[in-house]
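[1] this is the structure alone, sequence omitted:
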């Protein structure tokens, strides 16, 4: 199982907003994650925490493109965490080799065609709406069945757009339009997502359902979850604290 290190070049991300917002701080943190053993660095310039405001495409690119260009030299794969096709394209030109789209192509009609054209791995997450509205959309009758059905629609859309099956990765969207019990239900049935036949990414690091009000205090729970997931057959976990998660693996 791989470990994807989170690099939020944002002022408002829930766990580390502002810590790595400047170019030097972002690069230094990316290099630190690589030194700790990250297999992939996921660089994002727009917070997707509940209630977050969107930023302009130009500002998103300003935050991430130069950071990506610099970190590529360290020799680890870089993924771009974006819902915008234009940012994804600019990031891949700068050296990113994976697109991590939390909207699964729903936020930007051009994203799936762009991912197909760029011929890089594309991560499609289960998503129901932007940060301002997603908590109101956490309504399910049969949670796991519905999440799988909605993910299957994104898989079909990606394949129809020309994304290669071998380049498609899925993410059940822990914390996105999900209540705490919903997140645990997905984790308990994560092998149903693995059974869909695509690599599965799980991003649960320091999220509220793990308990407590301080995101950094949820690191031990994050590591315990990584240990549990290591036996599930998933492809990777997306985490803030790379060293501890690599150590438990």
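    Arrived safely. Here the structure is a predicted model, which means the values were calculated and not measured.

[2] just give me the neighbour total for residue 118.
    20 (other C-beta atoms under 10 Å). In this view, the C-beta of every residue, glycine as well, is placed from N, C-alpha and C.

[3] before we move on, what about residue 59?
    12.

[4] verify the stated contact: it with residue 65.
    No - with contact defined as C-beta atoms under 8 Å, residue 59 does not count as touching residue 65 (11.3 Å).

[5] remind me, longest strand of the chain?
    Secondary structure of the chain per DSSP state E: the longest strand is strand 2-8.

[6] what lies in contact with that one?
    15-17, 19-20, 26, 29-30, 33-34, 36-44, 47, 67, 79, 201, 205, 226, 235-240, 242, 245-246, 249 (C-beta atoms under 8 Å, 6 or more residues apart in numbering).

[7] how distant is it from the center of its chain?
    8 Å (C-alpha atoms, centre = their mean, to the nearest Å).

[8] ok so, going back, narrow the contacts of strand 2-8 to those in strands?
    40, 41, 42, 43, 44, 79, 201, 236, 237, 238, 239.

[9] of these, which is the most crowded?
    Busiest of the ones in strands among the contacts of strand 2-8 [other C-beta under 10 Å] is residue 79, holding 29 neighbours.

[10] what bits of this structure have low per-residue confidence?
    12-21, 131 (pLDDT under 70).

[11] tell me the buried residues in the lengthiest helix in it?
    When the chain is parsed with DSSP state H, its longest helix is helix 143-161. Buried residues in helix 143-161, counted by 16 or more other C-beta atoms under 10 Å: 143, 144, 147, 148, 150, 151, 154, 155, 157, 158, 161.

[12] same check, this time on stretch 104-121
    104-108, 111-116, 118, 120-121.

[13] cool, and stretch 55-70?
    55, 57, 60, 61, 63, 64, 65, 67, 68, 69, 70.

[14] tell me which other helices or strands the helix or strand harbouring the third one touches.
    In other words, residue 60. Here residue 60, judged by DSSP states H and E, is contained in helix 57-71. Judged by 3 or more C-beta pairs under 8 Å, 6 or more residues apart in numbering; DSSP states H and E, the packing partners of helix 57-71 are helix 23-35, strand 40-44, strand 78-81, helix 85-94.

[15] mind checking the end-to-end distance for stretch 160-168?
    12 Å (C-alpha to C-alpha, to the nearest Å).

[16] among the helices and strands packed on helix 57-71, which is nearest residue 217?
    Closest approach to residue 217 among the helices and strands packed on helix 57-71 (C-beta to C-beta): helix 23-35, 19.7 Å.

[17] how about the secondary structure of the residue of the chain most remote from its centre?
    What lies farthest from the middle of the chain is residue 141; by C-alpha atoms, centre = their mean that is 25.5 Å. What DSSP: H, G, I helix; E, B strand; the rest coil gives for residue 141 is coil.

[18] how many neighbours does the nearest residue to residue 74 once chain neighbours are set aside have?
    Using C-beta to C-beta, 6 or more residues apart in numbering and skipping the chain neighbours, the partner closest in space to residue 74 is residue 34 (5.1 Å). By other C-beta under 10 Å, 18 other residues sit near residue 34.

[19] right, and residue 34 touches residue 77 too?
    No - between residue 34 and residue 77 there is no contact under C-beta under 8 Å: 10.5 Å.

[20] if I pick the nearest residue to residue 79 once chain neighbours are set aside, what's in contact with it?
    In this structure, residue 79 finds its nearest non-sequential neighbour in residue 98, 3.6 Å apart by C-beta to C-beta, 6+ apart. Residue 98 makes contact with 40, 77, 78, 79, 80, 120, 121, 122, 123, according to C-beta under 8 Å, 6+ apart.

[21] redo that, cut-off 10 Å
    For residue 98, the contacting residues are 4, 40-42, 77-81, 88, 91-92, 115, 120-123, 167, 169, 201, by C-beta atoms under 10 Å, 6 or more residues apart in numbering.
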